[in-house]
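Engineer: With the sequence up front, the predicted model follows.
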Amino acid sequence: MIELWQFNVSMYPELVRWALDHKGLDYRARDLLPGPHVVQLLPRFGQKTVPVLRDGDRVLTQSLDILADLEARHPQHPLLPDDAAQREEVWRIVRHFADEYGPSVRLAAFHELLPHGTYMARVWAQPFSPLLRAAYVASFPLLVRPAMRADMGITAERAAQGRAATQEALDWVAARVRDRDYLVGDRFTLADLSVATVLFLTALAPEYPVRLPQPYPRGLQHWLDRWRGHPGTAWVRRMYGLHRRRAGTP
C-alpha cells in the first residue's frame, strides 16, 4: 500500500494527492500536525517537509519527483501529453509554479491565516482524536504559530511581495486560457493540476478534499475577497470542478 505523509490542508501534499486520485491509485494518507510533525518525519526520512511518499521500500521526498515517478510507474490516466514538445512545456510550467509561485502564494496566504490560530489549528487537527485536537489548539498560539512564521519567514513586507506574485500568477493563467480550456494542449495535464493546486487558496473550491469550516475567519475571508471575480480564480474553480475526483467516479 502506498503511504502519503502529509498535512491535510497543504499545497504540496495536494499536488501528490490529486495525482494519486486522478490515477485511481489506492493509498493511505498519514496525516501529520504542522509543528509536531518534525519529530515524526526526521527520524524516519531525514527531513521535516511534506509530502513524503513511501511505496514498499521506495521513499520519495520531493513533490515533483513524486509526480514524475507516478507518471512513469502508473501510466493509466496519463497526466502528460504524447507530444514531446508539449511534455517539455508542461514540466516547465509545473516547475515554475511549484518552485517560484508556490512559496510566495503560501507565505502571503498564511500572513492572513495565522492570526486566526484557533481556527487553523482546528482545521489541521480534524483527522485526530478529540484529546489531541484540544492539546494542539491550546499549544498552537505559543508554540506552533511562532515556529511557522519563523520557518516561512513571514513578514508584512514579504507578504506584500507574495500578494503581488499571486496576482501575477492569476493574471498569467487568465491570459493563457483566454482562448483555450487547458494550459497545454486540449486535455487536462500536470500543468493544470499543478497550477490549480498552487492557486487553490485563492478559490477554496468545494471539490477540495478537506472542507474548511464556515463562517471563515476575517483574515481568510479578506484573502478570498481579494481574488473574487478574477478570471484566473474562476479557472482554478473550473479545474477542481471538472477533474478533482478519483478516476472512474462520475
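Structural biologist: Structure received.
Engineer: where exactly do the strands run in this structure?
Structural biologist: Assigned by DSSP state E, the strands in the chain fall at 2-6, 27-31, 52-55, 58-60.
Engineer: domains in the chain, as residue ranges please.
Structural biologist: Structural domains annotated on the chain: 2-73, 84-114+154-243, as defined by automatic domain parsing.
Engineer: quick one, phi/psi of residue 186?
Structural biologist: Torsion angles at residue 186 (phi, psi; degrees, to the nearest 10) stand at phi -120, psi 20.
Engineer: Can you tell me the closest non-neighbouring residue to it?
Structural biologist: residue 180 (7.7 Å; Cβ to Cβ, 6 or more residues apart in numbering). Where you see a C-beta, it was placed from the backbone N, CA and C, and this is true even at glycine.
Engineer: And the pLDDT at that neighbour?
Structural biologist: In this prediction, residue 180 carries a pLDDT score of 96.
Engineer: Now the phi/psi pair for it, please.
Structural biologist: According to degrees, to the nearest 10, the main-chain angles of residue 180 amount to phi -150, psi 170.
Engineer: Would you mind confirming that residue 27 is in contact with residue 13?
Structural biologist: No. The pair residue 27 and residue 13 fails to qualify as a contact (Cβ atoms under 8 Å) at a distance of 11.5 Å.
Engineer: more neighbours, those two?
Structural biologist: Comparing residue 27 with residue 13 by neighbour count (other Cβ atoms under 10 Å), the higher total belongs to residue 13, at 24 against 16.
Engineer: mind checking how far the residue nearest to residue 186 is from residue 117?
Structural biologist: As defined by Cβ to Cβ, to the nearest Å, residue 180 lies at a distance of 41 Å from residue 117.
Engineer: Look at the two and report which has more neighbours.
Structural biologist: When neighbours are counted by other Cβ under 10 Å, residue 117 comes out ahead of the other of residue 180 and residue 117, with 18 against 10.
Engineer: residues in contact with the more buried one?
Structural biologist: Applying Cβ atoms under 8 Å, 6 or more residues apart in numbering, we find residue 117 in contact with 140-141, 144-145.
Engineer: and the residues you listed, which of them are in helices?
Structural biologist: Using DSSP state H, residue 145 are the members of the contacts of residue 117 that sit in helices.
Engineer: Select, from the contacts of residue 117, the two members most distant in space.
Structural biologist: Taking Cβ to Cβ as the measure, the contacts of residue 117 reach their widest spread between 141 and 144, a distance of 7.9 Å.
Engineer: The two: which has the busier surroundings?
Structural biologist: residue 144 (21 against 14).
Engineer: can you count the residues close to the residue nearest to the more buried one when sequence neighbours are not counted?
Structural biologist: By the measure of Cβ to Cβ, 6+ apart, the closest residue to residue 144 outside its immediate chain neighbours is residue 35, 3.8 Å from it. Taking other Cβ under 10 Å as the neighbour definition, residue 35 ends up with a count of 19.
Engineer: My guess is residue 35 contacts residue 147. True?
Structural biologist: Yes. The pair formed by residue 35 and residue 147 meets the contact definition of Cβ under 8 Å, at 5.9 Å.
Engineer: Nothing else from me, thank you.
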